[in-house]
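Enquirer: For reference, the sequence and a predicted model appear below.
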Amino acid sequence: HAQAIAQACKVLSKTAIIVMPEDSPAVKINAVRDTYGAEVKLCKPTQEAREAMSAEVVAGIRAEKGEEKAEEIHPNQDLRVINGQ
């Protein structure tokens, strides 16, 4: 999912910040960051840690740039992701 979101953002000239567990395979991290140009934020490998960091990233962007400037896309609870599988 991370690579698909990063690639879509690259195509649409949007900024992507992808939260990934710190134990993700290097090949996946490198693809998201180096191939698709997304910023990668690493967190502990728990659902709770991923959700907390994602919420923190979104809140920070919204506080700095405005409510409409950030959108959280959950990897398995977002209907757009589910429909795309």
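Expert: That came in fine, so what should we check first?

Enquirer: contacts, neighbours, all on C-alpha from now
Expert: OK.

Enquirer: Show me what the longest helix seen in the chain is packed up against.
Expert: The single longest helix within the chain, with elements called by DSSP state H, is helix 47-65. Applying 3 or more C-alpha pairs under 8 Å, 6 or more residues apart in numbering; DSSP states H and E, we find helix 47-65 packed against strand 17-21, strand 39-43.

Enquirer: Tell me who's in contact with Glu39.
Expert: Contacts of Glu39 were listed using C-alpha atoms under 8 Å, 6 or more residues apart in numbering, and they are 16-18, 32-33.

Enquirer: Ala63: which of those is nearest?
Expert: For those, the closest approach to Ala63 (C-alpha to C-alpha) belongs to Ile17, at 15.7 Å.

Enquirer: show me where pLDDT drops low in the chain?
Expert: In the prediction, the chain carries residues with pLDDT under 70 at positions 74-85.

Enquirer: mind redoing it with 80?
Expert: 67-69, 71-85 (pLDDT under 80).

Enquirer: Helix, strand, or coil at Glu71?
Expert: Assigned by DSSP: H, G, I helix; E, B strand; the rest coil, the conformation of Glu71 is coil.

Enquirer: Give me the contacts around stretch 58-72.
Expert: Stretch 58-72 is contacted by residues 54-55 when judged by C-alpha under 8 Å, 6+ apart.

Enquirer: buried stuff in that stretch?
Expert: 58-59, 70 (16 or more other C-alpha atoms under 10 Å).

Enquirer: Disregarding residues adjacent in the polypeptide, which is nearest to the residue most central in space within the chain?
Expert: For the chain, the residue sitting closest to the mean C-alpha position, by C-alpha atoms, centre = their mean, is Ile18 at 2.5 Å. Residue nearest to Ile18 in three dimensions, not counting chain neighbours: Val40, with 4.9 Å by C-alpha to C-alpha, 6 or more residues apart in numbering.
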